[in-house]
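Trainee: Okay, sequence plus prediction incoming.
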Amino acid sequence: MTREDEDIRLLLTNAVPPLTPPPDRIVKVARRVRRHRQRLIGGTALAVAVVVGLGVGGVQILNRVPSPHTAADSAGQGQWTSCVEAAPEMVTRGFAVPTEEAAALPRLGDDFVPAAAVICGLEPPVGKDVMVTERRSDDVAALTALATVLRLPDAQTNPDLACRADLQMAPWLALVDAEGRWIRPGIPLASCHNHLPDAVSEALDALPLTTVATRPLAEIESARPDMAGCGQRWVDMAEVGTMADHDARPGTLRSPFLAGQTVRLCVYDVPRSDQENGKAAGVLAHGTVLRGDRRAAVEHALGASDPANPCNASASRFAVLRPMTGSDPRAYVELDGCRRITVVAAGHRRVIAQGDAALIELIDKP
């Protein structure tokens, strides 16, 4: 209870002693009084702002300018630049997007009208190197059909349906509007939640795509060897998996990475607005490549973790650890909140383990 709550409680209690309500009721009333006071103050401030906005010698219409920021804003301006800038996580040989991660992104809203679709990906080697490609479509009919299916809800799971164990991958997809702002939309899931619905696959296949840019992967890797591969935004699969994967169970982790694998570490901050909205999308804070003693210490701490404790708090920071070559396995570590750990790997049941302060200290430093 704040000091202001206490003052209001005393005022109410002294005013009607015979009818003193329970303490929890007093707190609720006090908070309603304070909220009402804040609304009055806010209304006064708004009136002052309108008067100032009118200016001298004429009337100025005050319109709310929509924020240029989008769900996947790499440059802080919301303007599409390129796959290399917007999707640096692609700079990984064997990179792929599991369907459940694509589904965890914010869904396409009715207020965003796509004027183009961009698919970022890796193409088979040309000569000696893998190529990062950017393909684009501005076909109105195909975009309209794609937007329609992207707004569909996930299909209901069917316990009687035999689902294949293999995990289907989703494209790294961005939609760009007529002003150049872009979002990375969530993709609905089929009844087998490791696959895309047929309608989504058909809409993606129907896009007439033109390759607008290519760049050798090795060239990008050499330009920024540590930060390359840390996507600007990422989803906390420790939280999403706990909520969505009914087969996930508390347990201990085996060593997630193969001996000799080079492991990339990326740390993300989850904006307060996304925490309050129940979203688990984080913005890149820092990234590095784990080497030597630090890598060994992190791996030992992961393997020594206990099964996860019951908890439903959201994390404001989390880390993603994954090999430099390929997409699996990926280890997700929440740096606060429940401090859960989970490892995502195709064909394996998700295990939720418990992180501790020692592991977090090892991870959360540039």
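Mentor: Ah, there it is.
Trainee: Wait, residue 215 touches residue 85, no?
Mentor: No. With contact defined as CB atoms under 8 Å, residue 215 does not reach residue 85; the gap is 11.1 Å. Every C-beta, even on glycine, is put in place using the N, C-alpha and C of the backbone.
Trainee: Looking at those two, which one has more neighbours?
Mentor: residue 215 (16 against 11; other CB atoms under 10 Å).
Trainee: any idea how far the residue nearest to the more buried one when sequence neighbours are not counted is from residue 302?
Mentor: Nearest non-adjacent residue to residue 215, counting by CB to CB, 6 or more residues apart in numbering: residue 132, 4.9 Å away. Look at residue 132 and residue 302: by CB to CB, to the nearest Å, they are 30 Å apart.
Trainee: swap in residue 103?
Mentor: To residue 302, residue 103 is 26 Å away according to CB to CB.
Trainee: what are the ranges of the strands in the stretch 201-350 of the chain?
Mentor: Ranges of strands within the stretch 201-350 of the chain are 210-216, 233-235, 249-250, 263-269, 281-290, 306-307, 317-323, 330-334, 340-344, based on DSSP state E, counting those that start in this stretch.
Trainee: What's the first helix or strand after the worst-scoring helix or strand of the chain on mean pLDDT?
Mentor: The weakest-scoring helix or strand in the chain, judged by mean pLDDT, DSSP states H and E, is helix 23-54 (a mean of 37). Next helix or strand after helix 23-54 toward the C-terminus (DSSP states H and E): helix 83-86.
Trainee: which helices and strands sit right next to that next one?
Mentor: strand 116-126, strand 129-137, strand 210-216 (3 or more CB pairs under 8 Å, 6 or more residues apart in numbering; DSSP states H and E).
Trainee: what do you get if the cut-off is 10 Å, keeping everything else the same?
Mentor: strand 116-126, strand 129-137, strand 172-176, strand 210-216, helix 217-223 (3 or more CB pairs under 10 Å, 6 or more residues apart in numbering; DSSP states H and E).
Trainee: The helix or strand following the second one vs strand 129-137, what angle?
Mentor: In the C-terminal direction, the helix or strand that comes right after strand 129-137 (DSSP H and E) is helix 140-150. If you take axes from the mean of the first three to the mean of the last three CA atoms, to 10 degrees, helix 140-150 sits at 100 degrees to strand 129-137.
Trainee: So in that sheet, which strands flank the helix or strand following helix 140-150, and in what orientation?
Mentor: As assigned by DSSP H and E, the chain's next helix or strand after helix 140-150 is strand 169-170. Sheet pairing for strand 169-170, assigned by DSSP bridges, gives strand 97-98 (antiparallel).
Trainee: ok, residue 154 - contacts?
Mentor: Counting by CB atoms under 10 Å, 6 or more residues apart in numbering, residue 154 makes contact with 103, 107, 186, 187, 188, 189, 190, 191, 193, 197, 244.
Trainee: Distance of residue 355 relative to residue 297?
Mentor: Separation of residue 355 from residue 297 (CB to CB): 14 Å.
Trainee: Kindly report the same for residue 310.
Mentor: Residue 310 is 28 Å from residue 297, by CB to CB.
Trainee: tally of neighbours for residue 188?
Mentor: The criterion is other CB under 10 Å. On that basis, residue 188 has 21 neighbouring residues.
Trainee: What helix or strand is the residue nearest to residue 107 when sequence neighbours are not counted located in?
Mentor: Nearest residue to residue 107, sequence neighbours excluded (CB to CB, 6+ apart): residue 186, at 4.5 Å. For residue 186, there is no enclosing helix or strand under DSSP H and E.
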